[in-house]
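**Q** The following block contains a protein sequence and its predicted model.
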Amino acid sequence: MNQTSQIPDHTRKEEEEEEEERARFEWDFNLSTVISSAAGDAGATVSDAIGVVEFDQSGGYLATGGIARKIRIYSTEKSLYKSEEINSVTGERSGGVRFLDHTAACEFYMCTPAKLSSLKWRPGSGSRVIGSGDYDGVVMEYDLEKRVPVFERDEHGGRRVWSVDYSHWDPIVGASGSDDGTMQMWDPRCEGGKCLASVQPNRAIRSPVCSVEFNPFGGPVVAVGCSDRRIYGYDLRGMSDPVFVLDGHQKAVTYTRFLDSQTMVSSSVDGCLMMWHTEERRVVRTYRGHVNSRRFVGLSVWSDGGLISCGSENNQVFVYDKRWAQPIWVRGLESMGRVRCEPGFVSGVCWRQTGDGRCMLVAGGSDGVLQAFEGQRK
C-alpha cells in the first residue's frame, strides 16, 4: 500500500510548509584573510577592540575603528582576498588563507582624539571623506587624501555618539544619534554643522539613540533605533512627529538597516533580529540563533543577495538568508592564541556590496582581529 496516500492532506501540507520554512544552505563561505597584531604579540588588550567595520561605496576600501583611537584603512584588493598561486603545470589558480598583521595590511591609519563607536563614508566624496562618531559626543570628518580632520561638531553635550549616517541625495546631510536621547540632523558643508533638525524620539524620557540610518533607496525617511526598544521613522519633510513606530523588541534596539525601500532589519540585545515592513508597520520575520544580551555585535545587510549578518557574544559570526528564521552559516573567529580575561565576541560586521553570486563578509572582534570571508552561491 502507498503509505503516502494514508497521510491526511492537512498533515502533508504542514510538512511541506515546514520544509519550505527550513533554511537551505545555498552559499559556501571560506576564510580568505586574518589580520591581527604583529606575530608573536600575545599582549593584546581590550584597547585593540574593533567597534565598527565599514566598506566604502565602491567596495575598494575598508575602514575600521574602535577603542584604539585609530581609523585604519585597508585596500580590499591588496589585503582581503586570498593569496593566489598558479600551478606551473596545469595553469590552475588556487588560493590559501593569508595571515597578516595590521602594520603590513593597513594602507594607512589616522589617530583620533577619542574612542570611536561609528564610521560612515560620506557619499559623493569619491572615498575621500569619512565621518565618525566618538565616545566624547563629537562628530568629525576626515579628509583621507590629506589625512587631516576637516569638520567637527560637538552638539551632544559630551554624551557618546553611537551612530552616524549620511543621506543619499544632494545636498548631503548628516545625522547622529547619542546617549543624550536625541537624533540630530546637520549640514556638513557648514562650519560646526548647522543643525537642521533635532528630535527626541521618546518624549517622556531621554532614551539613548543607538542607531540612525537614512533610507538608501531614495525614500525621505530616516530610521532611529532607541534603547526604549522601539524604532522611530521620520519623514525628513516634516519631523515634528514620527511617521511610524515599530514596537516588537524586548530590549534596546542597537542597529537598523534597510534591505529595500520598505523593508528594514533591526537588531537588539534581546538576542534576535527582526525584519519589518515599514509601510504596514509589522514584523515579517524574526531571526534567532546568535547570542546577544549586552553588547553591540554589528549588523549588516547585503540587499542584492538577500543576506543578513551579525556578530555574537560567543565569538561567532552568523549569516541569515532573509527568507528563513534560522542561520544558514555560522563560523567561530580564530582566537590567534591570545589569552584574555574574558571570552571574546564579534563586535562588527560588514558586507562588500557586490553581485553576481559572489560576496565578501568582513568581521572584526573584541580582540582586534579582522577576518574576511569570501562567499559564492552553490
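**A** Structure's in. What do you need? No experiment lies behind these values; they were computed from the predicted model shown.
**Q** can you map out the helices along the stretch 1-150 of the chain?
**A** 9-21, 102-105 (DSSP state H, counting those that start in this stretch).
**Q** Return the member of those helices having the minimum mean pLDDT.
**A** By mean pLDDT, the lowest-scoring of the helices of the stretch 1-150 of the chain turns out to be helix 9-21, with a mean of 47.
**Q** Report the next helix or strand after the helix or strand where Trp329 lies in sequence order.
**A** Element membership for Trp329, per DSSP states H and E: strand 327-332. Remark: after strand 327-332, the chain's next helix or strand is strand 346-352, criterion DSSP H and E.
**Q** could you dump that following strand to PDB, C-alpha only?
**A** C-alpha atoms of strand 346-352 as PDB (Å, rounded to 0.1, in the frame of the first residue of the first chain):
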ATOM      1  CA  VAL A 346      32.300  39.600  17.300                       C
ATOM      2  CA  SER A 347      31.900  43.300  17.500                       C
ATOM      3  CA  GLY A 348      31.400  44.500  13.900                       C
ATOM      4  CA  VAL A 349      30.500  43.000  10.500                       C
ATOM      5  CA  CYS A 350      30.100  44.400   7.000                       C
ATOM      6  CA  TRP A 351      29.200  43.100   3.600                       C
ATOM      7  CA  ARG A 352      31.000  44.200   0.500                       C
END
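**Q** Can you name every helix or strand that that strand contacts?
**A** Contacts defined by 3 or more CB pairs under 8 Å, 6 or more residues apart in numbering; DSSP states H and E place strand 346-352 against strand 50-55, strand 61-66, strand 299-302, strand 307-310, strand 316-321, strand 358-365. All C-beta spots, glycine's among them, are computed from the backbone N, C-alpha and C.
**Q** go with 7 Å
**A** Here strand 346-352 touches strand 50-55, strand 299-302, strand 307-310, strand 316-321, strand 358-365, going by 3 or more CB pairs under 7 Å, 6 or more residues apart in numbering; DSSP states H and E.
**Q** List the neighbouring strands of that strand plus their orientation.
**A** Its sheet considered, strand 346-352 pairs with strand 358-365 (antiparallel) by DSSP bridges.
**Q** buried stuff in the strand it pairs with?
**A** Neighbour counts over strand 358-365 (16 or more other CB atoms under 10 Å) mark 359-365 as buried.
**Q** Adding distance to Ile130 and mean pLDDT as columns, could you present the helices and strands packed on strand 346-352 in TSV?
**A** Listed next are these as TSV, based on distance: least, CB to CB, whole Å; pLDDT from 0 to 100:
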stretch	distance to Ile130	mean pLDDT
strand 50-55	8	97
strand 299-302	17	98
strand 307-310	21	98
strand 316-321	24	98
strand 358-365	16	96
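**Q** Of those strands, which is nearest Met275?
**A** Closest to Met275 of the helices and strands packed on strand 346-352 is strand 307-310 (CB to CB; 8.0 Å).
**Q** Give me the contact list for that closest one.
**A** Defining contact as CB atoms under 7 Å, 6 or more residues apart in numbering, one finds that strand 307-310 is touched by 265, 267, 273, 287, 290, 297-301, 317-322, 349, 351, 361.
**Q** Equivalent analysis for stretch 147-162, please.
**A** With contact meaning CB under 7 Å, 6+ apart, stretch 147-162 is reached by 108, 110, 117-118, 133-143, 176-180, 184, 186, 188, 192-193, 195, 209-211.
**Q** try it again with 6 Å
**A** For stretch 147-162, contacts defined as CB atoms under 6 Å, 6 or more residues apart in numbering pick out 110, 117, 133, 135, 137-143, 176-180, 188, 193, 210.
**Q** Using PDB, write out every CA atom in it.
**A** C-alpha atoms of stretch 147-162 as PDB (Å, rounded to 0.1, in the frame of the first residue of the first chain):
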ATOM      1  CA  ARG A 147      44.900  62.800   6.200                       C
ATOM      2  CA  VAL A 148      43.600  65.600   8.300                       C
ATOM      3  CA  PRO A 149      40.300  66.400  10.100                       C
ATOM      4  CA  VAL A 150      38.100  68.800   8.100                       C
ATOM      5  CA  PHE A 151      34.900  69.000  10.200                       C
ATOM      6  CA  GLU A 152      34.000  68.900  13.800                       C
ATOM      7  CA  ARG A 153      30.600  69.000  15.500                       C
ATOM      8  CA  ASP A 154      30.200  68.900  19.300                       C
ATOM      9  CA  GLU A 155      26.400  69.400  20.000                       C
ATOM     10  CA  HIS A 156      25.500  66.300  22.000                       C
ATOM     11  CA  GLY A 157      26.600  67.600  25.400                       C
ATOM     12  CA  GLY A 158      29.600  65.300  25.700                       C
ATOM     13  CA  ARG A 159      27.400  62.200  25.600                       C
ATOM     14  CA  ARG A 160      28.500  59.300  23.500                       C
ATOM     15  CA  VAL A 161      27.600  59.300  19.800                       C
ATOM     16  CA  TRP A 162      26.600  55.800  18.900                       C
END
